[in-house]
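A.B. asks: Just to be clear, the model below is a prediction. Sequence and coordinates:
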Amino acid sequence: MSKLDNREKTLDEFFRKNEDSKKNRSLNNTNSKSIDDYFNETSKKKKHKKGFVEKVVDFFRITSFKNKFDENKVAVNAKHLEVSGKSHSPRFWRKIQNFFIKRFSFEAGVDILDETSVLYRKNRVIRNIIFVTNIVFLLFTLIGSTGLERNVNLIVTFVIFLIMFFAGKSVKRLNMEKPRTLQKQQMAEYISGIYILMMAVTVYIKLRLTLGDTMEGGFFSITQAGYSLIYFSLVVIALYQDPKLLNVIFKVTIIVMTIIHVVILYPLYQYAGNFTELWAYMSSNNGAVIIDLLLRTLVLAIFMVGLYSTVKISEDINNKRKSELVKRQEVEKDFKSVVSDVFDVITVYKQRSEDKVEEDNKKACKRVAEMSAKLGSFLGYSSKLCQEIYDYSMIHIEKREILNTDDFETKDHLEEIDYKKIREKTIIGSVIIKRLQLDKKAEDIVRAHFEKTVNQDFIKEMNGIQNNRESQVILISHIYEILRQSRNYKRELKHQRAIDLIRLEFTPYFDPQIIDRFIKYADDFESIYYHLV
């Protein structure tokens, strides 16, 4: 409902200083010179010169704000385009975007509390990544060097292809086979992790043996790219966010990379006949072999520590997220139960056992609403406010059917749209409760006056309940309605007797203007009453 009309002062107006306009004008003239002097003096002060660091911070702050602003603007535009059904991007590019989201998104319709479902989705995404990676692996295996008379061995490439094919089939079978158990998904996870690591190692060994380390330019960079594939495979494995899997993979990686370093990268086994020969080889060229091995091992160790830390942090965040989700679902159950109980109470409160009594109650509410809207017009209220008074008078009748939770009872957990619906229902429920409180107030006032139990404390208590002008308009209409009807503590009264009682007994509860208008146009209210009987 709207607030009081503009004729009532707001609270801050009582505390506002009502100074004479001439006094204000003289004060402004007196202070204007001192204010101008102050600003002139301030403008002459030397401004603080920002240092380089402050300028960099300001740049990133402004950039961050602009990005955030742009993101919000883009989000609003995207929402508008979604509602209007239009889009600036062509349908072809949107299909490509949806294609990648569907195949490479981890949380596409996944219940994160279901560990099997989460791991199943991860396995599917990793399978898609491995499929693309396999193509890259095959391209690397087809590279040869005619200059060194080291051509591509198609048998090796074919064998690698067979390994890729059967490994992919095995992982797909474990991933997709029903029933989808957690054990199957874990097996697919470990097979995928070990497979992509071993395949990266195989491709690097093939490139190393094919191209060697004597090539210059592009072929040398391809060999190093093959070495970086091993690091790429570790990143793919880290996408599982499973510290146990990473722990196993890291141990295997350390063993495998050590073998590669001492057998493939530097053939130390050829000089391992005795310590003197081995040391002489390793310390040649100012210890280049030792330095290279140490740096490679150090970089690998640091890389694995970084990956493990990232995965561990992600796991902790996910665990906390799951914990919060579990708590949220528990609160949702209690919330749905409480909301359902509140709605049931509101519905039952005005429920009647007989259809005729229920129909009479609806007619009574209709009469109260019509009289309230009419009285509002007599008080000079706008048509919009009169309509709001009418709607508020009828809300507990017209909106009662909305108060149910049947749409949410079958759901395990609520979605965002469900919260919006429940919020709308609870807002309507709170308004209905206030409306029923006004009904009870009218009943209590009439009964107290007929039973002669009215005192100053009772009047003060009643005036503390919804005592704004709009509520008084509805209340006086309701009191008239109650006086015209029979109750167990009184008989029904004639129109003139009801008007007399309102003028003599019920004036402490109303603004004098409301009492005056109701009595002055009493005939109009009587006609409304008889018209809707």
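C.D. replies: Arrived safely, thanks for sending.
A.B. asks: counting contacts, what elements does the helix or strand hosting residue 389 pack onto?
C.D. replies: Here residue 389 is covered by helix 383-398, with elements defined by DSSP states H and E. Packing partners of helix 383-398 (3 or more CB pairs under 8 Å, 6 or more residues apart in numbering; DSSP states H and E): helix 355-378, helix 416-450, helix 469-484. Using the backbone N, CA and C atoms, a C-beta is placed for each residue, glycine as well.
A.B. asks: Can you say which of those is packed in most?
C.D. replies: helix 469-484 (a mean of 24; mean count of other CB atoms under 10 Å).
A.B. asks: other SSEs contacting that helix?
C.D. replies: helix 355-378, helix 383-398, helix 416-450, helix 495-505, helix 512-520, helix 522-531.
A.B. asks: rewinding a little: so which residues make contact with the helix holding residue 389?
C.D. replies: With contact meaning CB atoms under 8 Å, 6 or more residues apart in numbering, helix 383-398 is reached by 1-2, 5, 346, 350, 362, 365-366, 368-370, 372-373, 376-377, 381, 428, 431-432, 435-436, 439, 470, 473-474, 477.
A.B. asks: Could you report the distance from residue 52 to residue 58?
C.D. replies: 11 Å (CB to CB, to the nearest Å).
A.B. asks: if you average pLDDT over the helix holding residue 389, what comes out?
C.D. replies: Per-residue pLDDT values over helix 383-398 give a mean of 88.
A.B. asks: got it, and stretch 423-442?
C.D. replies: Here the average pLDDT along stretch 423-442 is 83.
A.B. asks: related to what we said a few turns ago, between residue 52 and residue 58, which is the more surrounded one?
C.D. replies: Taking other CB atoms under 10 Å, residue 52 and residue 58 do not tie; residue 58 has more neighbours (11 against 7).
A.B. asks: Can you tell me the element the more buried one falls in?
C.D. replies: Going by DSSP H and E, residue 58 is part of helix 52-84.
A.B. asks: before we move on, back to that, can you list the buried residues in the helix holding residue 389?
C.D. replies: Neighbour counts using 16 or more other CB atoms under 10 Å place 385, 386, 388, 389, 390, 392, 393, 394, 395, 396, 397 of helix 383-398 among the buried residues.
A.B. asks: where along the stretch 151-300 of the chain do the helices fall?
C.D. replies: Taking DSSP state H, counting those that start in this stretch as the criterion, the stretch 151-300 of the chain contains helices spanning 154-176, 182-211, 218-238, 243-259, 275-282, 284-349.
A.B. asks: who touches the third one?
C.D. replies: Taking contacts as CB under 8 Å, 6+ apart, the residues outside helix 218-238 that touch it are 126, 129-130, 133, 136-137, 140, 143, 145, 193, 196-197, 199-201, 203-204, 206-208, 211-213, 215, 245-246, 249, 253, 257, 303-304, 307, 310-311.
A.B. asks: what angle do that helix and helix 243-259 make?
C.D. replies: Calculated by axes from the mean of the first three to the mean of the last three CA atoms, to 10 degrees, helix 218-238 forms an angle of 150 degrees with helix 243-259.
A.B. asks: Same check on the first one?
C.D. replies: For helix 154-176 against helix 243-259, the angle between stretch directions is 170 degrees (the same axes, to 10 degrees).
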